[in-house]
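Peer 1: With the sequence up front, the predicted model follows.
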Amino acid sequence: MIGARTAQAVAGLFASVGTSGYGAALDRLTRIGAGFDMSCIFGFSATRPPVVIHDGYSETVDRRALRSYLRGAYQLDPFYAACIAQPLRPGLWRMRDLAPDAYYDAGFSGSHEVHPCISDQAGTLVEEIGYVLPLPDGFAATYSLMRNRGGALFDQPEIDRLHGLIPIVAASLRLHWTMLGSDSRPVTSPDPDEVFRTAFASLTPAQHAVTKLILRGHSNISIAGNLDITEGTVKQHRYNIYRRLGISSQSELFQRFIDHLGGQ
């Protein structure tokens, strides 16, 4: 038997489906499983722009970061990659289990300029976990739960409790998405790679492919495996990319991408 508090939270959640109060009601339910500082739900598609289903960020987070994220930085998010992967891997995931091998050195994970979960006031997140769930219309959703610096990692009992809520979270989210209707979906289908091509117009197609993986947080070895080329070839591409762009480091490459998103 579930407890009275959980039953009340589930009832409130389904009563809020299709309304602006859905995200807050979902947070009330999941906080029974584990506390967190911020939350969000994005609907992701491989061919259409992301949909903000729930914005539960702290008020200290800069809204400009969210705009830059939606303009293209979302493509650097491991949860986006998980949502468009085929086959989709639904469930509850720790960010670190989805992230590429050099993700935490790539810039995106700690940038308050393009990562909407980071701010100068809130500090770098100590951990982000997320439900990855399929939606109709070719979308999948990530419902992320985040703890700010100074907190603790989610422990195993918390993960287990949150995992037990997957059927409720999934059912309510699918229903909410359906009730929102097609008016909430982007109608355009831009090429997802266009943001990289316009940000780095002087690069060749092969260099664009390497640049995208660098920005997503892949090491040279990981890039070589993804593109089926040698590590030496990756290093040569990286050298040529930096030379063409007139930069000398990965941080400058990331800053070039940030500046492009901010100037759109």
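Peer 2: Structure's in. What do you need? Numbering: from 1, shown residues only.

Peer 1: switch to C-alpha atoms for all contacts and neighbour counts from now on
Peer 2: Noted.

Peer 1: okay, the closest residue to Pro78 other than its chain neighbours: pLDDT?
Peer 2: Nearest non-adjacent residue to Pro78, counting by C-alpha to C-alpha, 6 or more residues apart in numbering: Ala99, 5.3 Å away. Confidence per residue is given as pLDDT, and for Ala99 that number is 91.

Peer 1: Just read off the phi/psi values of Ala99.
Peer 2: The phi and psi values for Ala99, taken as degrees, to the nearest 10, are phi -70, psi 150.

Peer 1: Which elements pack onto the lowest-mean-pLDDT helix or strand in the chain?
Peer 2: Across the helices and strands of the chain, mean confidence by mean pLDDT, DSSP states H and E is lowest for helix 63-71: a mean of 79. The helices and strands touching helix 63-71, judged by 3 or more C-alpha pairs under 8 Å, 6 or more residues apart in numbering; DSSP states H and E, are helix 250-263.

Peer 1: So which bits of the helix it packs on are buried?
Peer 2: Buried residues in helix 250-263, counting neighbours by 16 or more other C-alpha atoms under 10 Å, are found at Gln250, Leu253, Phe254, Arg256, Phe257, Ile258, His260, Leu261, Gly262.

Peer 1: so can I have JSON lines of those showing pLDDT and distance to Asp77?
Peer 2: Formatted as JSON lines, the entries for those read as follows, by pLDDT from 0 to 100; distance: C-alpha to C-alpha, whole Å:
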{"residue": "Gln250", "pLDDT": "91", "distance to Asp77": "17"}
{"residue": "Leu253", "pLDDT": "93", "distance to Asp77": "17"}
{"residue": "Phe254", "pLDDT": "90", "distance to Asp77": "14"}
{"residue": "Arg256", "pLDDT": "92", "distance to Asp77": "18"}
{"residue": "Phe257", "pLDDT": "89", "distance to Asp77": "14"}
{"residue": "Ile258", "pLDDT": "85", "distance to Asp77": "14"}
{"residue": "His260", "pLDDT": "88", "distance to Asp77": "17"}
{"residue": "Leu261", "pLDDT": "84", "distance to Asp77": "15"}
{"residue": "Gly262", "pLDDT": "76", "distance to Asp77": "17"}
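
Peer 1: quick one: which of those residues is nearest Ile214?
Peer 2: Nearest to Ile214 among those, counting by C-alpha to C-alpha, is Gln250 at 7.9 Å.

Peer 1: hang on, that closest one packs against Asp105?
Peer 2: No: with contacts defined as C-alpha atoms under 8 Å, Gln250 does not count as touching Asp105, sitting 9.2 Å away.

Peer 1: What helices and strands are in contact with the host helix or strand of Ala206?
Peer 2: If you go by DSSP states H and E, Ala206 is part of helix 205-216. Contact here means 3+ C-alpha pairs under 8 Å, 6+ apart; on that basis helix 205-216 packs against helix 194-199, helix 220-227, helix 231-245, helix 250-263.

Peer 1: avg pLDDT for it?
Peer 2: Looking at helix 205-216 alone, the average pLDDT works out to 95.

Peer 1: quick one: buried residues of that helix?
Peer 2: Going by neighbour count (16+ other C-alpha under 10 Å), the buried part of helix 205-216 is Gln207, His208, Ala209, Val210, Thr211, Lys212, Leu213, Ile214, Leu215, Arg216.

Peer 1: just the angle between that helix and helix 250-263, please?
Peer 2: Relative orientation of helix 205-216 and helix 250-263, computed by axes from the mean of the first three to the mean of the last three C-alpha atoms, to 10 degrees: 90 degrees.

Peer 1: Can you check what angle separates helix 205-216 from helix 220-227?
Peer 2: An angle of 130 degrees separates the directions of helix 205-216 and helix 220-227 when computed by the same axes, to 10 degrees.

Peer 1: How about residues contacting helix 205-216?
Peer 2: The set of residues external to helix 205-216 that reach it, using C-alpha atoms under 8 Å, 6 or more residues apart in numbering, is 75-78, 100, 103, 106-108, 196-197, 200, 223, 234, 237-238, 241, 250, 253-254.
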